[in-house]
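**Student:** kindly generate the corresponding structure for this input.
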Amino acid sequence: MTQKINCWLYVKYFIKMAKRTTDERMGSAGKSSPDTMTADKSEAGDLALEPLVTCKLCLCEYSLDKMTTLQECRCIFCTSCLKQYMQLAIQEGCGSPITCPDMLCVNHGTLQEAEIAYLVPVEQFQLFKRLKFEREVHLDPQRTWCPAADCQTVCCIGPNESGVPVPVECPSCHMMFCSSCKEAWHPQRLCPENQALVTTEQGSLIGTETEAPIKQCPVCRIYIERNEGCAQMMCKNCKHTFCWYCLQNLDNDIFLRHYDKGPCRNKLGHSRASVMWNRTQVVGILVGLGQSYKWVRRKL
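**Tutor:** This next block holds a predicted model:
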């Protein structure tokens, strides 16, 4: 629950790429002799060598025709790596934007829909569009899903500056429901979740206070309970990662720098040594895999 989704995505991808690269190199080594690899079956008169570019993911060198440059950040990767990264990101990301796979990308680029559609199978792209749309509805305060079990209609919520719940009518099944709690419209009573707190004999149970043991995911609004442990939370429903205390988005904070300063400083729930060890492991995994690619290339 406390593992970083982006970190896990990168680690899974690099392990998969390490196996693929090793298999490909071993296969090509068994099929080609040094003379054949040098000549590459080129015609005698064509001795010009194409410039090679290193892929930041598999650390192999390819000609430019086998590389793809991202439109937004201009980072360049081999097309094969980028295809596999996108498919894995779609499966794990639940419709969230697919970021540049280079964690050190200074422009923090995201992939455009046209790029995704070009590089992944049609069914994968349709899945991405559906998950993206569902996520957009969850995040849009002016839209919501009809709560009826047999209805999948997206309903519009009228503008309401006061923040008071308003009735919403589904255009398909005509159910009238509350814009806040999604229950049948109840003009004479408050929504359970709009009550500041639900109190028990032990005191506060649900609320927005930093110490409340039950809170809602900032993205999908599902209730999450925390009784102990790390303050970095991952919603099982939408995979959003956030800080338990201030609900800030931590999806891109792979090194947990959020807990180095500000009101949540030193509130991660682990010792400083544990945090530094986590960062060392993340860097070690990525650097170690990179070195393993270089070792394989030297051996082959």
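**Student:** surely residue 119 touches residue 79?
**Tutor:** Yes - with contact defined as CB atoms under 8 Å, residue 119 reaches residue 79; the gap is 7.1 Å. Glycine gets a C-beta too; all of them are placed from N, C-alpha and C.
**Student:** Validate this expectation: residue 131 resides in a helix.
**Tutor:** Yes - using DSSP: H, G, I helix; E, B strand; the rest coil, the assignment for residue 131 is a helix.
**Student:** measure how buried it is and give me the count.
**Tutor:** 17 (other CB atoms under 10 Å).
**Student:** ok, now which ones touch the residue found closest to it once you drop the neighbours it is linked to in the chain?
**Tutor:** Excluding the flanking residues, the one nearest residue 131 by CB to CB, 6 or more residues apart in numbering is residue 95, at 3.2 Å. Residues in contact with residue 95, defined by CB atoms under 8 Å, 6 or more residues apart in numbering, are 128, 130, 131, 132, 133, 134, 135, 136.
**Student:** nearest to residue 241, of these?
**Tutor:** Nearest to residue 241 among those is residue 135, at 14.1 Å by CB to CB.
**Student:** in three-state terms, label that closest one for me.
**Tutor:** Under three-state DSSP, residue 135 comes out as helix.
**Student:** check contacts around it.
**Tutor:** 94, 95, 96, 219, 238.
**Student:** rebuild the residues you listed as TSV, extending it with distance to residue 85, secondary structure and pLDDT.
**Tutor:** Output for these, formatted as TSV (distance: CB to CB, whole Å; DSSP: H, G, I helix; E, B strand; the rest coil; pLDDT from 0 to 100):
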residue	distance to residue 85	secondary structure	pLDDT
94	16	coil	69
95	16	coil	78
96	14	coil	79
219	23	coil	79
238	21	coil	74
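**Student:** tell me the two of these that are most distant?
**Tutor:** Most distant of these, by CB to CB, are 95 and 219, 10.1 Å apart.
**Student:** give me the neighbour count for the residue nearest to residue 78 when sequence neighbours are not counted.
**Tutor:** Leaving aside its chain neighbours, residue 78 sits nearest to residue 55 (3.9 Å; criterion: CB to CB, 6+ apart). Counted with other CB under 10 Å, residues neighbouring residue 55 total 22.
**Student:** now do residue 56
**Tutor:** Counted with other CB under 10 Å, residue 56 comes out at 18.
**Student:** so what's the nearest residue to it once chain neighbours are set aside scoring on pLDDT?
**Tutor:** Excluding the flanking residues, the one nearest residue 56 by CB to CB, 6+ apart is residue 102, at 5.2 Å. Listed pLDDT for residue 102 reads 88.
**Student:** wait, isn't residue 102 in contact with residue 75?
**Tutor:** Yes - if you go by CB under 8 Å, residue 102 and residue 75 touch, sitting 5.1 Å apart.
**Student:** pull up the overlap in contacts between the two.
**Tutor:** Listed as contacting both residue 102 and residue 75 by CB under 8 Å, 6+ apart are residue 56.
**Student:** restricted to buried residues, select the contacts of residue 95 in PyMOL.
**Tutor:** In PyMOL, a selection of the buried entries from these looks like this (16 or more other CB atoms under 10 Å):
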select buried, resi 128+131+132+134+135
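**Student:** any chance of the contacts of residue 95 in a markdown table, plus pLDDT and distance to residue 169?
**Tutor:** Output for the contacts of residue 95, formatted as a markdown table (pLDDT from 0 to 100; distance: CB to CB, whole Å):
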| residue | pLDDT | distance to residue 169 |
| --- | --- | --- |
| 128 | 91 | 31 |
| 130 | 90 | 25 |
| 131 | 87 | 27 |
| 132 | 89 | 26 |
| 133 | 90 | 22 |
| 134 | 86 | 21 |
| 135 | 83 | 24 |
| 136 | 86 | 21 |
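**Student:** for this structure, what spans make up the helices?
**Tutor:** Ranges of helices in the chain, per DSSP state H, are 5-31, 34-39, 79-93, 113-119, 122-139, 272-299.
**Student:** rank those by pLDDT, which is bottom?
**Tutor:** Across the helices of the chain, helix 34-39 has the smallest mean pLDDT, namely a mean of 34.
**Student:** returning to that earlier point: which pLDDT value goes with the residue nearest to residue 78?
**Tutor:** pLDDT at residue 55 comes out at 92.
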